[in-house]
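here is a sequence together with a model predicted from it:
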Amino acid sequence: MKKLALFFITCLSCLTVFAQHPEETGHDKKHFISITIAQTFIPRGANMDNLNHKGHFVPGIGFDYLYRVKPKLEVGVMLDFELGRYIIPHQDDLVRDHAFVVAGVLAYSITPHWNVFGGGGIELEKHHNLGVFRLGTEYNFEIGKHWSIPVGLFYDIKEGYDTFSLSVGIGKAF
């Protein structure tokens, strides 16, 4: 866990923060929605055809909604759909087939463009549903008129295995 925290801090300290007024960044708006594409790495996962393979990548799509309750605090929901099938080999092989993750999150704005968040939810899948705890960060690159390109890094702790995701999308503050 210490390595993960150090990794997040290192990645985030590399970002350049541009000082802008809230009305220029959309930070004065209450709602934010985004649609993203993601690549998820499952260190303990394996392809269904090669169980000896260590680690597996799965593409996904997501939809996020955040509501600003205070100037630096947001609550929201993240919906993610994995576009792949894989297995987690252990005592009872855990098959994951196009899983759907629903997570409620609490986000804190470090700057008008940079959020960190945590929350929990459930991964729904036809073989077995799992509890999920999510930690992450997201940086929004402004492209004008309250539109932005959110780039996120997420760490999901699930029952039996963990995942790392990198996402990019398009978002709108309103």
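Done, it's in. Keep in mind it's a predicted model, so treat the numbers as computed, not measured.

rest of the way, CA atoms for contacts and neighbours
Fine.

where's the residue nearest the centre of the chain, which helix or strand?
The residue lying closest to the centre of the chain (CA atoms, centre = their mean) is Phe154, at 4.2 Å. Remark: Phe154 resides in strand 147-158, with elements defined by DSSP states H and E.

what comes up buried for that strand?
Across strand 147-158, burial judged by 16 or more other CA atoms under 10 Å covers 147-158.

wait, isn't the residue nearest to the centre of the chain in contact with Val168?
No - under the criterion of CA atoms under 8 Å, Phe154 makes no contact with Val168, lying 11.5 Å away.

got the confidence number for Phe7?
Looking at Phe7, its pLDDT stands at 48.

got it, and Met48?
Met48 is assigned a predicted lDDT (pLDDT) of 74.

tell me the bridge partners for the residue lying closest to it once chain neighbours are set aside.
Of all residues not flanking Met48 in the chain, Tyr86 sits nearest, at 5.4 Å (CA to CA, 6 or more residues apart in numbering). Listed by DSSP bridges, the beta-bridge partners for Tyr86 are Arg96.
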